[in-house]
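Asker: Next come a sequence and a model predicted from it.
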Amino acid sequence: MQNTKPHAALLASPGMGHLIPVLELGKRLVTNHGFNVTVFVATTDNSLSKSQLIEQTPSPNLLNVVLLPPVDVSSLITPTTGILTQLAIMMREALPKLRSAILAMKFCPTVLIVDLFGTEAMVIADEFNMLKYVFITSNAWFLALTLHMPTLDKVVEDNHVKNQEALLIPGCKSLEFDDTFEPVLDRNDQIYVEYKHMGVQMQKFDGILVNTWQDLEGTTIGALGGEKKLGRVAPVPVYPIGPLVRAVKPGPRSEVLDWLDMQPIDSVIYVSFGSGGTLSAKQTTELAYGLESSDRRFIWVVRPPIETDSAAAVFKTSHRSDDSPDFLPDGFLTRTRKMGLVVSKWAPQNEILSHPSVGGFISHCGWNSALESIVNGVPMIAWPLYAEQKMNAAMLTEDVGVAIRSKSLPTKEVVGREEIETMVRTIMDKGDARRARVKTLKSSAERALSKGGSSYNSLSHVANDSETAFKYLKAKPQGA
């Protein structure tokens, strides 16, 4: 059988924040550009199972999804090793598995697309004479910081980290210290070294894909791709191809959606902090009272809190052995039973955000969640907890104009019930300007992804380059 289509290999780290947009990218390469696509997912013994992965795969019959054999990183990490460092180490250790998997394919892929943590796979792309791209599953501002970091001298870094001065990124919004990306703060932490290394590696790829679109970040995208004399940040082409978000899946109705069916349009605020965010007991209590006193309907995906005095704890596990919400204030469930719904640990987020009854979202500002909110026309209360979420919150609040946030950082101080009540009432106000702004961006996102739109055309450039390479570099059985 002849290989009649260009074949793209995508490499994803196992976290949902990376995996979901990678899967959506694969789907678009198949449906819009006629590619064959294989998605390789790095795993450990504790990561995704095949069944869990299939649940996340859009139209599983479109994509060949391969779980790489698990890697054991236990000897390379300690109990204090951060999650981002663990991902970087795991992806490095998975490279021999990726090479073996590609060797076993009947036809070598034309192009390799990796997420941020897979930049070292560049050597494999070169070995097999493939085009190579990085897919940034966050936004263009984060990409600009990542590319800019390796160019900074010690004085500039010290002014930002030690003197808490804003970090200037050529042509882009400056990064305030309070909103900075945590890996840049400690030169002695391995993730600092890993992150700067990623920024260096990315500049050697054939291009960078980013999960945003022209209307959302036009100024930053212009700075990334502008003339060098104007302060161009990216030395390689940048392709905004978003927003790529998980599609709403048809299936059995959940109790949450049945409850939403009974609520008025735009009347419910959805509260969720993602798969990795956990609040302290004190912050959980304040949030409960704030939601109650706001007198607005709500759905709250609540997890047992960590018994700590800090405002938030991230990627930590509660020692509770049950799912009962007995950590909520006495009488809270009884008093709010007519206005609120408390859901334990997980809810179908995109289905909830797409429901007409939902009119606001208290979010940790993971980029997937932020995009899901925007494409469904839902304004946000930004509640960043970790990674680049503080950057996302700053951009969504100050530049994009679709969110509000608390006066103090939730990671540093407990946000009080009075401020929570005020923010909820504000964002749920039908006359609030953020509501109109996010509706405009919802329409803009739809246009960007449609045929002839800015993101569609941007991905077409990548597809065309890959098709050209396919014509001249005939895919052939490995070892021939």
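Answerer: Happy to help now that I have it.

Asker: Asp429 and Arg437, how far apart?
Answerer: Here the criterion is Cβ to Cβ, to the nearest Å. By it, Asp429 lies 13 Å from Arg437. C-beta: built from backbone N, CA, C; applies to glycine.

Asker: That should have said Phe181, apologies.
Answerer: To Arg437, Phe181 is 25 Å away according to Cβ to Cβ.

Asker: Mind checking which of these two has more residues around it?
Answerer: With neighbours defined as other Cβ atoms under 10 Å, Phe181 and Arg437 compare such that Phe181 has more, 21 against 17.

Asker: Number of residues surrounding the nearest residue to Trp367 once chain neighbours are set aside?
Answerer: Computed as Cβ to Cβ, 6 or more residues apart in numbering, the closest residue to Trp367 that is not its neighbour in sequence is Ser138, at 4.6 Å. Ser138 has 29 neighbours, counted by other Cβ under 10 Å.

Asker: Ok, the one 5 residues further on next?
Answerer: Using other Cβ under 10 Å, Leu143 is surrounded by 29 other residues.

Asker: For it, which residues are in contact?
Answerer: Leu143 is in contact with 136, 208, 210, 224, 234, 238, counting by Cβ atoms under 8 Å, 6 or more residues apart in numbering.

Asker: and it, helix, strand or coil?
Answerer: helix (DSSP: H, G, I helix; E, B strand; the rest coil).

Asker: from what I can see Gly401 touches Ala433, true?
Answerer: Yes. Assessed by Cβ atoms under 8 Å, Gly401 is found in contact with Ala433 at 7.1 Å.

Asker: Might you report the residue contacts of Ser13?
Answerer: Residues near Ser13 by Cβ under 8 Å, 6+ apart: 19, 41-42, 87, 90-91, 115, 117-118.

Asker: hmm, try it at 7 Å
Answerer: Residues in contact with Ser13 (Cβ atoms under 7 Å, 6 or more residues apart in numbering) are 42, 87, 91, 115, 117-118.

Asker: I'd like these as CSV, with neighbour count, distance to Val268 and secondary structure appended.
Answerer: Below are the contacts of Ser13 laid out as CSV (neighbours: other Cβ atoms under 10 Å; distance: Cβ to Cβ, whole Å; DSSP: H, G, I helix; E, B strand; the rest coil):
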residue, neighbour count, distance to Val268, secondary structure
Ala42, 30, 37, coil
Leu87, 22, 34, helix
Met91, 26, 39, helix
Asp115, 27, 33, strand
Phe117, 25, 35, helix
Gly118, 30, 38, helix
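
Asker: that older thread, neighbour-wise, which of Gly401 and Ala433 wins?
Answerer: The neighbour comparison of Gly401 against Ala433 (other Cβ under 10 Å) goes to Gly401, with 16 against 11.

Asker: now the more buried one: how far from Tyr195?
Answerer: Taking Cβ to Cβ, one finds Gly401 at 29 Å from Tyr195.

Asker: what do you get for Lys412?
Answerer: Noted for Lys412: a distance of 22 Å to Tyr195, by Cβ to Cβ.

Asker: Which elements pack onto the helix or strand hosting Val66?
Answerer: Secondary structure from DSSP states H and E places Val66 in strand 64-67. Contacts defined by 3 or more Cβ pairs under 7 Å, 6 or more residues apart in numbering; DSSP states H and E place strand 64-67 against strand 36-41, helix 50-56.

Asker: Which strands border that strand, and is each parallel or antiparallel?
Answerer: strand 36-41 (parallel) (DSSP bridges).

Asker: distance between the partner strand and the chain's centre?
Answerer: Remark: strand 36-41 is offset 19 Å from the chain centroid, using Cα atoms, centre = their mean, to the nearest Å.

Asker: Would you map the helices across the stretch 51-200 of the chain?
Answerer: Secondary structure of the stretch 51-200 of the chain (DSSP state H, counting those that start in this stretch): helices at 83-93, 95-103, 122-127, 140-148, 154-161, 190-202.

Asker: hey, which of those is tucked in deepest?
Answerer: Among those, judged by mean count of other Cβ atoms under 10 Å, the one packed with the most neighbours on average is helix 140-148 (a mean of 25).

Asker: Return that helix as CSV; C-alpha atoms alone will do.
Answerer: Extracted C-alpha coordinates of helix 140-148, given in CSV (Å, rounded to 0.1, in the frame of the first residue of the first chain):
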residue,chain,number,x,y,z
ALA,A,140,1.5,34.3,22.6
TRP,A,141,2.6,36.4,25.6
PHE,A,142,3.8,33.3,27.4
LEU,A,143,5.6,32.3,24.2
ALA,A,144,7.2,35.8,24.0
LEU,A,145,8.5,35.4,27.6
THR,A,146,9.9,31.9,26.8
LEU,A,147,11.8,33.1,23.8
HIS,A,148,13.0,36.2,25.6
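
Asker: Give me the distance from it to the chain's centre.
Answerer: Chain-centre distance of helix 140-148: 14 Å, with Cα atoms, centre = their mean.

Asker: Now do it and helix 190-202, the angle between them.
Answerer: 90 degrees (axes from the mean of the first three to the mean of the last three Cα atoms, to 10 degrees).

Asker: re earlier: quick check: mean pLDDT across the strand holding Val66?
Answerer: Summarised as a single mean, pLDDT over strand 64-67 is 92.
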